[in-house]
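S.K.: here's a sequence, model it:
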Amino acid sequence: MHGEKRRAIGTKNISFPTGRLSSIERAQAVLAGGCDSPVRSGWGVGGPMFVQARASGAYAFDEEGRRYVDYIMAYGPLLFGHTHPALTTGLDELARHGFVWGTTHPEEIRLAERIRGYLPSMERMRFVTTGTEAMMSAIRVARAFTQRSLILKFAGNYHGHFDLALLDAGASAHTSNAAASGIPGGVLRDVAVARYNDLASVDAFLRGREHELAAIIVEPIVGNMGYVTPVEGFLEGLRERTTRYGALLIFDEVITWLRFGLRGAQARAGVTPDMTAIGKIMGGGAPIAAFGGREDVMTALAPQGGTFTGGTHGGNPFCVGMAHRVLDLLESHPQYYDDMRERAERLADGIRAIFARRELPYAVVQHESIVDFKFRAGPPNRNYDDARAADKKAYAAYWHAMLERGMLLPPSQNEVMFVSTAHSTADIDATIEAIGAALEKNG
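M.R.: Coordinates of the predicted model:
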């Protein structure tokens, strides 16, 4: 029918029928960079990007209908896998009275009450649409409440794509040149970027500027430079310093709340922040997020105070309804957390066994339903310096080898593997087998 010719896509040459445009080519013709988020482009693994046609349960399907065991899980929010019936059945009923009203409604109030029941530090809250909005708004409130400007953040933590957050961020941001990234020089004056798990670094950046500090923002457990846990005393040290300096401690729990239980990372750490941001996981992937904190802090917001945040879609009835469904599902199935943990442990143990047989010096980390390892010899990551020392070429080769074997991993070594309730023991065992074969192929 049609001849074949090769066109360069990223760093790979892919064959497509002459006269027909592939989805990648069509995307590049209309989407900036061919995608809506850089990590999706596949540039971190040498391309090409994975084009997905549909999803179900633990599986993603490409345009040819091939099935892949999905460990991206929309980068975290899909606790129940794709298309869980409790979330996808009866959507007409949720939409029947409208998707967005622009008014406050009883179900929005009830959702806030439910959230506060699990996260009592969120004495008052406000709903927004994305985690980026939640963190951006929390920082604005912190600055208004303290009447200060300086924000201290940590290299490798990802808080969204607003200017301040992108400096030395994790995930797929990789923002190293602020000017080239469209970040004004004025932003740099009011941000300090410290080393995660290093209180001495915090003190060095704040020395002489303690009276300027509005807030310290942090992922209490990090999922954006690989999986990184706080060392003993780190979060407690941040709590003590913010209290001493009259600043606020803001936890970014966009990944950790619900992924680490109904009470989030703050309950596990035993550290209470002044403000918290939560996100997409509470809507099962539907676009809903929130930020909140101490009552006195949140009174900085209009109409009580002079600080504005708002949006037409904030607290919209459809996404609020989805969030109620997620909480209903978790409350009625407490065993789900045990199920996910057991499968994640099985996966981690299987990877460790492969590394032991092959005498590979990589550390495997697993916590609840997250599994991670990096192509870097030594102990698990403790900061962004460790994450950046991992072998990107080795990960890229591994990613492609796993894709060939029907396993969809994040196309960036800064991300982690997310296990859901939809992943079966058979899926886990097939994944372990694929990892062994992929590492054998790539030496």
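
S.K.: per-domain residue ranges of this structure.
M.R.: Listed by automatic domain parsing, the domain ranges of the chain are 35-84+334-441, 97-332.

S.K.: which among those domains is found nearest to Arg26?
M.R.: domain 35-84+334-441 (9.7 Å; CB to CB). Every residue, glycine included, has its C-beta placed from N, CA and C.

S.K.: end-to-end on that closest one?
M.R.: The first residue of domain 35-84+334-441 is 30 Å away from its last residue (CA to CA, to the nearest Å).

S.K.: could you do stretch 36-47 as well?
M.R.: Its first and final residues considered, stretch 36-47 spans 15 Å by CA to CA.

S.K.: next SSE after the helix or strand hosting Leu152?
M.R.: Using DSSP states H and E, Leu152 sits in strand 150-154. For strand 150-154, the following helix or strand on the C-terminal side (DSSP H and E) is helix 185-189.

S.K.: so what touches that next one?
M.R.: Outside of helix 185-189, the residues within contact range by CB atoms under 8 Å, 6 or more residues apart in numbering are Asp163, Leu164, Leu167, Ala178, Ala179.

S.K.: over it, what's the mean pLDDT, rounded is fine.
M.R.: Averaged across helix 185-189, pLDDT comes to 88.

S.K.: then that helix to CSV, C-alphas only?
M.R.: Extracted C-alpha coordinates of helix 185-189, given in CSV (Å, rounded to 0.1, in the frame of the first residue of the first chain):
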residue,chain,number,x,y,z
GLY,A,185,15.6,38.1,38.6
GLY,A,186,13.5,39.7,41.3
VAL,A,187,12.1,36.3,42.2
LEU,A,188,15.6,35.1,43.0
ARG,A,189,16.1,37.6,45.7
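
S.K.: for the record, mean pLDDT for the strand or helix carrying Val69?
M.R.: Taking DSSP H and E as the criterion, the element that holds Val69 is strand 67-70. For strand 67-70, the mean per-residue pLDDT is 98.

S.K.: report the buried residues of the next helix or strand after it.
M.R.: Sequence order places helix 85-88 as the next helix or strand after strand 67-70, per DSSP H and E. Residues Leu87 are the ones in helix 85-88 that count as buried (16 or more other CB atoms under 10 Å).

S.K.: repeat that for stretch 320-340.
M.R.: 320-327, 329-330, 336-337, 340.

S.K.: what ranges do the strands span in the stretch 1-150 of the chain?
M.R.: 4-9, 12-17, 52-56, 59-62, 67-70, 124-128, 150-154 (DSSP state E, counting those that start in this stretch).

S.K.: in its sheet, what does the third one sit against?
M.R.: What that stands for is strand 52-56. Using DSSP bridges, strand 52-56 pairs in its sheet with strand 59-62 (antiparallel).

S.K.: give me the contacts around the strand it pairs with.
M.R.: Taking contacts as CB under 8 Å, 6+ apart, the residues outside strand 59-62 that touch it are 50-55, 67-70, 72, 82, 408.

S.K.: show me how far that strand is from its chain's centre.
M.R.: Computed by CA atoms, centre = their mean, to the nearest Å, the separation of strand 59-62 from the middle of its chain amounts to 21 Å.

S.K.: do the same with stretch 75-94
M.R.: 18 Å.

S.K.: stretch 43-61: how far from the chain's middle?
M.R.: The chain centre lies 17 Å from the centre of stretch 43-61; the measure is CA atoms, centre = their mean.

S.K.: now stretch 192-208
M.R.: The answer for stretch 192-208 is 24 Å, by CA atoms, centre = their mean.

S.K.: quick one: buried residues of that stretch?
M.R.: Buried residues in stretch 192-208 (16+ other CB under 10 Å): Ala192, Val193, Ala194, Arg195, Tyr196, Asn197, Asp198, Leu199, Ser201, Val202, Phe205, Leu206.

S.K.: output that stretch as PDB, nothing but the C-alphas.
M.R.: The C-alpha trace of stretch 192-208 is given here as PDB (Å, rounded to 0.1, in the frame of the first residue of the first chain):
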ATOM      1  CA  ALA A 192      16.700  30.400  49.200                       C
ATOM      2  CA  VAL A 193      17.200  26.800  48.000                       C
ATOM      3  CA  ALA A 194      18.700  24.600  50.600                       C
ATOM      4  CA  ARG A 195      19.800  20.900  50.700                       C
ATOM      5  CA  TYR A 196      17.200  18.400  51.700                       C
ATOM      6  CA  ASN A 197      17.900  16.500  54.900                       C
ATOM      7  CA  ASP A 198      20.600  19.100  55.800                       C
ATOM      8  CA  LEU A 199      19.800  21.500  58.700                       C
ATOM      9  CA  ALA A 200      23.200  23.000  58.500                       C
ATOM     10  CA  SER A 201      22.400  24.100  54.900                       C
ATOM     11  CA  VAL A 202      19.200  25.600  56.100                       C
ATOM     12  CA  ASP A 203      21.000  27.600  58.800                       C
ATOM     13  CA  ALA A 204      23.700  28.700  56.300                       C
ATOM     14  CA  PHE A 205      21.100  30.100  53.900                       C
ATOM     15  CA  LEU A 206      19.100  31.800  56.600                       C
ATOM     16  CA  ARG A 207      22.000  33.300  58.500                       C
ATOM     17  CA  GLY A 208      21.400  37.000  58.800                       C
END
